[in-house]
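J.: whatever this is, show me its structure:
(one chain, ligands or ions: 1)
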Amino acid sequence: MAGTPLVLDNGSGSVKVGYAGQQEPQVVYDNMYTAVRSSRHEPSKATSEALEKSNARLHVMDHGIVSQWEGLVEVFKAALDEMKVVDPSQHPCLVTEAPLNPTVHRELLVEKLFEELRVPAVQVVHSGALALYAINRRTGLVIEVGDGVAQTVPLFDSYVVFNAVQRRDFGGRDLTAYLGELLQKELGYKEALADEVWWTQLQTVKERMCRVTPQASPSRISRQDPVQQEYKLPDGKVLDWEQGLLSQCAEALFQPGQHLKLDEEAEGIHKMAASSVLGCGLDIQKSLANNVVLSGGSTLFPGMCQRVQEELQRLLPSAVKAKVTRVSKPTYAAFMGGSILASMSDLQKTFMTRGEYLEYGASFIHNKSVSLTKPHMMS
Ligand SMILES: Nc1ncnc2c1ncn2[C@@H]1O[C@H](COP(=O)(O)OP(=O)(O)OP(=O)(O)O)[C@@H](O)[C@H]1O
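T.: Residues are numbered from 1 along each chain as shown. So this is what the prediction gives:
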């Protein structure tokens with residue numbers, strides 16, 4: 001694999017890593033690190049004990065933004081070790097980033113890749129549109145909801161329509177925390193959300209039992225829904241699928257202002273999608289609405305396609321028909337799209353080289369990162 005580009009889909013919850021051309025990531029790594037282990041200074045005994053007690057694994061990313069740069073490097077290195085990449089300086093690196101991040105964030109990302117991983121060349125692409133590349137479509141609207149970011153990205157004939165991209169800072173991690181609050185309020189659970197064991201239980205309940213209800217008729221939910229019917233919590237209490245709190249959890253994606261700790265006016269994913277469609281020219285709105293694709297782990301709730309389609313249709317003119325599907329592997333779609341892009345020789349020519357980094361500095365990446373808007377790239 002010498003010289004083959006590496007693809008790093010740097011998500012808020014996990015990093016998916018592999019080589020360009022691979023169908024799926026070779027390694028999926030929790031984007032978390034242990035502060036004690038990676039601290040440059042030897043922590044005092046008291047600090048170590050306190051950190052260990054409080055389960056010192058820290059999230060590297062907070063809603064699509066790196067909050068622990070030291071941790072990011074550690075996670076990237078560990079993932080490459082697991083992939084048995086002996087010498088990263090042999091592999092150009094394509095890395096994903098959420099759209100509308102501060103520009104300085106992209107510069108720091110580039111700096112870490114050149115300085116700490118010693119890669120020879122870097123390209124940074126927005127994660128959202130990649131789901132369409134993954135399913136070989138060049139026109140459509142991606143609704144991506146991962147662990148920390150919700151984004152809607154319109155792509156027309158391989159152009160990302162940047163001024164119509166929407167991004168909000170909520171995702172699966174917020175839903176898990178919200179489920180914890182619901183369990184506390186309705187069933188009296190008082191476990192701290194910082195406790196990793198409890199967090200894992202909550203995440204499992206969310207992924208196995210929660211679903212999205214059809215807005216028009218909640219009674220249409222049937223027992224055939226592919227959700228687990230019961231879940232036994234460690235204290236023996238049984239959560240039943242008919243408990244309303246399990247449908248409230250995913251409802252937060254549609255009414256984040258009401259359910260999550262966000263501005264009350266915060267828009268749900270259907271409204272973001274409608275803004276993206278209506279923010280594009282009249283001539284392309286129909287093609288976008290007719291090709292809505294769900295991506296990201298937090299779109300895996302049963303009932304999701306139907307609900308998004310119903311809600312979106314209500315917000316669009318009747319002549320603009322919404323059709324919503326989900327990619328087959330939503331958590332890997334951004335990696336898969338990145339893997340396809342990184343194998344194209346045209347795109348490889350757009351990578352920022354180490355020479356450019358040394359000559360112009362990390363901010364030079366902004367001169368290189370518009371490549372996905374060039375139509376010839378995907379022809
Ligand atoms: N079956 C499921 N039902 C609901 N949510 C799920 C399911 N499987 C995974 N998730 C959630 O998806 C999220 C992870 O998705 P993904 O890997 O796409 O995010 P990410 O790339 O790490 O983050 P982001 O793109 O937001 O920065 C987690 O919150 C996880 O709990």
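J.: show me where the stretch 101-250 of the chain has its strands.
T.: 121-126, 140-145, 150-156, 159-160, 166-168, 230-232, 238-240 (DSSP state E, counting those that start in this stretch).
J.: of all the ones you listed, which one comes closest to the ligand?
T.: Relative to the ligand, the nearest member of the strands of the stretch 101-250 of the chain by CB to the nearest ligand atom is strand 140-145, separated by 6.5 Å. Where C-beta positions appear, they are placed from N, C-alpha and C, glycine not excepted.
J.: tell me the domain boundaries of this structure?
T.: Using automatic domain parsing, the domain parsing of the chain gives 6-130+331-378, 133-170+267-326, 172-259.
J.: name the stretch among those that sits most buried.
T.: domain 133-170+267-326 (a mean of 21; mean count of other CB atoms under 10 Å).
J.: ok so, going back, could the domains of the chain be laid out in a markdown table, adding mean pLDDT?
T.: Output for those, formatted as a markdown table (pLDDT from 0 to 100):
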| stretch | mean pLDDT |
| --- | --- |
| domain 6-130+331-378 | 87 |
| domain 133-170+267-326 | 96 |
| domain 172-259 | 81 |
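J.: the stretch 51-200 of the chain against the ligand: which residues are in contact?
T.: Proximity of the stretch 51-200 of the chain to the ligand (CB under 6 Å from any ligand atom) is limited to residues 64, 98, 127, 146, 147, 148, 149, 171, 172, 173.
J.: what's the farthest-apart pair in these?
T.: 127 and 173 (15.9 Å; CB to CB).
J.: where do the strands sit along the stretch 251-379 of the chain?
T.: Under DSSP E, counting those that start in this stretch, the stretch 251-379 of the chain gives strands at 292-295, 324-326, 352-353.
J.: which other residues reach the shortest one?
T.: Residues outside strand 352-353 that contact it (CB atoms under 8 Å, 6 or more residues apart in numbering): 110, 120, 121, 122, 123, 364, 365, 368.
J.: before we move on, back to that, from the residues of the stretch 51-200 of the chain next to the ligand, which ones fall inside helices?
T.: 172, 173 (DSSP state H).
J.: closest one to residue 273 out of the residues of the stretch 51-200 of the chain next to the ligand, please.
T.: residue 149 (14.6 Å).
J.: what are the phi and psi angles of the closest residue to the closest one other than its chain neighbours?
T.: For residue 149, ignoring the flanking residues on the chain, the nearest one in space by CB to CB, 6 or more residues apart in numbering is residue 64 at 4.1 Å. Backbone torsions of residue 64, given as degrees, to the nearest 10, read phi 80, psi 0.
J.: make sure residue 64 is actually in contact with residue 98.
T.: Yes. With contact defined as CB atoms under 8 Å, residue 64 reaches residue 98; the gap is 3.4 Å.
J.: who touches the residue of the stretch 251-379 of the chain found nearest the ligand in this structure?
T.: Closest residue of the stretch 251-379 of the chain to the ligand, CB to the nearest ligand atom: residue 297 (2.2 Å). Under the criterion of CB under 8 Å, 6+ apart, the neighbours of residue 297 are 13, 145, 146, 147, 172, 330, 331.
J.: run the last query once more with 6 Å
T.: 146, 172, 330, 331 (CB atoms under 6 Å, 6 or more residues apart in numbering).
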